[in-house]
Each structure stands twice: as structure tokens, then as C-alpha cells.
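Novice: what's the 3D shape of this:
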Amino acid sequence: MYAVVYRWRIRPELEDTFERAWHLGTLAIRRDLGGEGSCLHRSGPGEYFAYAYWRTRVEYERNRAARMPYEDPIARELYTKALEGGELEVVLTGDVVDDLLLRV
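Specialist: I've put the predicted structure just below:
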């Protein structure tokens, strides 16, 4: 398993829009690209981070290079609209060594 930590700056008035877009986009990434899921956190006004799981580094890098080509134009439009500064930041990546998160 491979993990990626992301960070975003979001226009404060569009936090709800971003959260909806992230949710829809993450479902589409699971469905269309084989992502293993993600968890979103708000760290402050307009500041978010998430970690996502992929089966392999190769699978993640292939989809990242292709700009996450999932099939949900509404999610992509809402996501792009909400971003401040235009891009997400990939903070860390690495192989999962041990995972004690509880899944509900």
C-alpha cells in the first residue's frame, strides 16, 4: 500500500463547495482509477489536508501524471472553482509500514 498526503488552500467562501467536490472526486477516483480511499481534514479557515491510499506507487504516479483522469465533470469543476492558488500540494508520499486506523 502507498500513501500520499495532500494540502490545499481553499477560498474561504467556497469551503462547502470544496468539501463536496473532494467527496465526489474521491468516490470517482476509487471507482475509475483504483484509489483505495482518502480522509479529509480541515486544519484552519480555508486550509485542508488529506491522506490517500493507493495499491502501489506506480499506480499513484501514473494517475498523477495523467492529472487524475476520473469521470466526474461536476466534481472537477467544483474543485477547480474552490482552489486558491490553482493547485494542491503533495506534502509527503511513502509506503505504508503499519496501519492502525479503525475503519467504520
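Novice: How far does the lengthiest helix in the chain sit from its chain's centre?
Specialist: Criterion DSSP state H: the longest helix present in the chain is helix 15-33. For helix 15-33, the gap between its own C-alpha mean and the chain's C-alpha mean amounts to 8 Å (C-alpha atoms, centre = their mean, to the nearest Å).
Novice: List the contacts of that helix.
Specialist: 8, 10, 35-38, 40, 42, 45-46, 48, 50, 52, 59, 63, 68-72, 74-79, 81-83 (C-beta atoms under 8 Å, 6 or more residues apart in numbering). In short, each C-beta sits where N, CA and C put it, glycine included.
Novice: go with 6 Å
Specialist: 10, 35, 38, 40, 63, 70-72, 75, 78-79, 82 (C-beta atoms under 6 Å, 6 or more residues apart in numbering).
Novice: out of those residues, which are buried?
Specialist: For these, a burial check counting by 16 or more other C-beta atoms under 10 Å picks out 10, 35, 38, 40, 63, 70, 72, 75, 78-79, 82.
Novice: Figure out the length between the terminal residues of stretch 8-24.
Specialist: Counting by C-alpha to C-alpha, to the nearest Å, you get 16 Å between the two ends of stretch 8-24.
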